[in-house]
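Visitor: Coordinates for the following, if possible.
(one chain, ligands or ions: 1)
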Amino acid sequence: MRVVQARERTAELVGRAAKVLPGASLGSFQLPLDQTVVIAEGRGPRLWDVDGNEYIDYVLGSGPMLLGHAHPAVVEAVQRQAAQGSTFYCLNEPIIALSEVIIDAVPCAEAIKFVSTGTEATFHALRLARAFTGKQNILKFEGGFHGVHDYALVSAFGMDTTGERRRVVDSAGIPQAASGTVIVAPYNDAETAREVIAAHAGTLAAVIMEPMQRAITPVPGFLEAVREATTEHGVLLIFDEVVTGFRLAYGGAQEYFGVVPDLATYAKAIGGGYPLAAVCGRRDILALTNPQQRGTSAYAVLGGTLSGNPVAAAAGLATLGELKQSGVHARLFATGNRLREGIAALGHDLGIPLQVPGVGPVFQVFFTDHPIVNHADTLAADAPRATRFAMELLRRGIFHAPNTKFYLSTAHTDTEINQTLTVIEDALRTIG
Ligand SMILES: Cc1ncc(COP(=O)(O)O)c(C=O)c1O
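Guide: Presented below is the predicted three-dimensional model:
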């Protein structure tokens with residue numbers, strides 16, 4: 001088994017990064033500085049760092065690289081488009097074609113608008129919902145992550161069941177005027193969701209949710225209950241499909257779970273590794289973004305400099321083209337489930353209490369006896385042990401971000417899964 005050893009060039013670069021990038025981090029993801037990696041190259045399911053150490057990658061750029069790294073069809077599409085110009089702030093053929101592909105694939109999508117990140121997409125979906133309903137508040141679920149804007153960073157990480165609205169603000173700098181519009185309920189509790197939606201119906205513009213919240217699958221009837229209650233009370237339902245889109249099925253979680261929202265947000269896979277995100281859904285709602293309404297009180301502004309960027313669209317088209325091939329999702333699920341079930345079996349055999357909720361292409365390992373059904377369950381699991389687990393994996397050439405999901409790509413094969421299970425057995429024995 002390979003053990004990561006060389007770190008000279010990494011140490012030099014991390015030292016430079018630490019002087020200019022707070023925490024030597026690009027965002028909130030941070031490894032201990034003496035174990036941080038600087039990636040030089042990715043190909044298929046593997047990464048190489050600047051010292052030549054090789055890793056099997058289960059981070060996949062936090063999810064976008066659903067085909068694995070540097071997929072030839074994506075590289076070719078990007079090179080071709082880049083040679084023809086990178087951005088025009090104007091209609092272009094790749095983005096029109098991608099719009100058609102997404103609308104064809106996604107059950108709720110009748111119209112679509114593009115932005116560059118998942119954060120922008122959920123922000124704009126919420127604005128649209130407010131514009132359409134004329135109501136101010138939104139409901140989200142504890143532990144649901146919708147990016148880093150002011151309405152999303154409420155009870156995404158923390159949790160407080162004591163206040164009337166159970167909410168915790170997860171970042172400094174968020175005005176009360178924003179966080180105060182967010183109501184929070186526990187995921188996978190249909191009864192409470194129904195009650196909260198009914199109680200706030202008069203002020204509630206939308207419910208926003210990850211249909212599969214992080215790696216927690218919805219219990220039977222939960223998504224249906226939220227759909228019914230929102231329809232009954234004139235509240236829009238927004239599925240945040242930034243993770244699940246084109247991953248759980250070609251038509252995303254809506255197809256996989258058979259529940260259709262009013263609006264949905266997409267990012268990660270649709271850009272094939274380039275910055276691209278979208279809000280799609282009912283035509284009557286998206287119609288509020290039509291610039292012909294500029295100057296009227298109905299107009300909901302949506303867009304930005306890079307919205308509909310043709311290079312990202314070309315990468316997205318190539319990616320979705322590959323994902324549409326028959327048998328792709330069946331293979332992705334088979335590979336991922338082999339790993340997920342293999343990890344659960346190792347826990348069982350070694351007498352280590354662990355849970356592995358999720359489905360083939362995305363799952364998470366929690367160190368606990370208790371089944372993971374909601375955010376409270378994830379917070380009760382042993383997070384320091386999960387961090388030690390991730391660090392032992394990293395040392396052995398498996399790239400997995402601590403206390404977050406494993407992402408599988410279509411490029412992972414039985415070879416990677418066998419190697420990974422061998423390493424995981426060793427890591428589990430080490431952390432005990
Ligand atoms: C479900 C979900 N929504 C939204 C976002 C935000 O996307 P981005 O990081 O592109 O802003 C993420 C990011 O991980 C996510 O997982």
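Visitor: I'd like the distance between whatever residue of the stretch 51-200 of the chain ends up closest to the ligand and G303.
Guide: Using Cβ to the nearest ligand atom, the point where the stretch 51-200 of the chain gets nearest to the ligand is G118, with a distance of 2.2 Å. From N, CA and C alone the C-beta is placed, and that goes for glycine too. Applying Cβ to Cβ, to the nearest Å, the value for G118 to G303 is 16 Å.
Visitor: okay, these two: which has more neighbours?
Guide: Taking other Cβ atoms under 10 Å, G118 and G303 do not tie; G118 has more neighbours (31 against 15).
Visitor: Verify the stated contact: the more buried one with A269.
Guide: No: with contact defined as Cβ atoms under 8 Å, G118 does not count as touching A269 (10.9 Å).
Visitor: got the residues of the stretch 151-300 of the chain near the ligand?
Guide: Within the stretch 151-300 of the chain, the residues that sit near the ligand (Cβ under 6 Å from any ligand atom) are 210, 240, 242-243, 267.
Visitor: quick one: stretch 106-120 to chain centroid distance?
Guide: Centroid displacement of stretch 106-120 relative to its chain, using Cα atoms, centre = their mean, to the nearest Å, is 14 Å.
Visitor: First-to-last residue distance for it?
Guide: Taking Cα to Cα, to the nearest Å, the span from the opening residue of stretch 106-120 to its closing residue is 19 Å.
Visitor: Now do that stretch, average pLDDT.
Guide: Mean pLDDT, taken over the full extent of stretch 106-120, equals 98.
Visitor: Buried residues of that stretch, list them for me.
Guide: Under the neighbour-count criterion of 16 or more other Cβ atoms under 10 Å, stretch 106-120 has 106, 108-109, 111-120 buried.
Visitor: do the same with stretch 86-95
Guide: Under the neighbour-count rule (16+ other Cβ under 10 Å), stretch 86-95 has 92, 94-95 buried.
Visitor: Just those: which are in helices?
Guide: Residues of the buried residues of stretch 86-95 located in helices (DSSP state H): 94-95.
Visitor: Check the buried residues of stretch 86-95 against G85 and report the nearest one.
Guide: When these are compared for distance to G85 (Cβ to Cβ), N92 wins out at 8.6 Å.
Visitor: Which residue would be the closest one in the stretch 201-350 of the chain to the ligand?
Guide: Proximity of the stretch 201-350 of the chain to the ligand (Cβ to the nearest ligand atom) peaks at V242, 3.5 Å away.
Visitor: Could you verify my assumption that that residue touches A264?
Guide: No: between V242 and A264 there is no contact under Cβ under 8 Å: 9.4 Å.
Visitor: how about low-confidence regions in the stretch 151-300 of the chain?
Guide: Where the stretch 151-300 of the chain drops to pLDDT under 70, the residues are 162-166.
Visitor: what's the domain layout of this protein?
Guide: Listed domain ranges for the chain are 8-70+327-431, 72-323 (source: automatic domain parsing).
Visitor: Pull the CA coordinates from stretch 225-235 and hand them back as CSV.
Guide: Output for stretch 225-235, consisting of C-alpha atoms alone and laid out as CSV, is shown next (Å, rounded to 0.1, in the frame of the first residue of the first chain):
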residue,chain,number,x,y,z
ALA,A,225,-45.8,15.8,2.6
VAL,A,226,-43.8,19.0,2.0
ARG,A,227,-45.1,19.1,-1.6
GLU,A,228,-48.7,18.7,-0.5
ALA,A,229,-48.5,21.3,2.3
THR,A,230,-46.8,23.9,0.1
THR,A,231,-49.3,23.4,-2.7
GLU,A,232,-52.2,23.6,-0.2
HIS,A,233,-50.9,26.9,1.3
GLY,A,234,-49.7,28.7,-1.8
VAL,A,235,-46.0,28.4,-0.8
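Visitor: Buried residues of it, list them for me.
Guide: Within stretch 225-235, the residues that qualify as buried by neighbour count (16+ other Cβ under 10 Å) are 225-230, 233, 235.
Visitor: Likewise for stretch 326-346?
Guide: Taking 16+ other Cβ under 10 Å as the criterion, stretch 326-346 shows 328-329, 332-333, 335-340, 342-344, 346 as buried.
Visitor: Among those, which lie within strands?
Guide: Nothing among these maps onto strands, per DSSP state E.
Visitor: Turn those residues into TSV, columns for distance to the ligand.
Guide: Conversion of those to TSV gives the following (distance: Cβ to the nearest ligand atom, whole Å):
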residue	distance to the ligand
V328	22
H329	19
L332	18
F333	20
T335	21
G336	17
N337	21
R338	24
L339	20
R340	19
G342	25
I343	21
A344	23
L346	27
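Visitor: need those residues in TSV with distance to A129 and pLDDT, can you?
Guide: Listed next are the buried residues of stretch 326-346 as TSV, based on distance: Cβ to Cβ, whole Å; pLDDT from 0 to 100:
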residue	distance to A129	pLDDT
V328	33	98
H329	30	98
L332	32	98
F333	32	98
T335	37	98
G336	33	98
N337	35	98
R338	40	98
L339	37	98
R340	34	98
G342	41	98
I343	38	98
A344	38	98
L346	44	98
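Visitor: closest to P353 among these?
Guide: Checking the buried residues of stretch 326-346 one by one against P353 (Cβ to Cβ), the nearest turns out to be A344, at 11.0 Å.
Visitor: unless I'm mixing things up, that closest one is touching G358, no?
Guide: No: the pair A344 and G358 does not pass the contact test of Cβ under 8 Å, sitting 10.7 Å apart.
Visitor: For the stretch 151-300 of the chain, which segments are assigned as helices?
Guide: For the stretch 151-300 of the chain, the helices defined by DSSP state H, counting those that start in this stretch cover 176-179, 190-199, 222-232, 252-257, 283-286.
Visitor: Any chance of CSV for the buried residues of stretch 86-95, columns pLDDT and distance to the ligand?
Guide: Formatted as CSV, the buried residues of stretch 86-95 follow (pLDDT from 0 to 100; distance: Cβ to the nearest ligand atom, whole Å):
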residue, pLDDT, distance to the ligand
N92, 98, 22
P94, 98, 20
I95, 98, 18
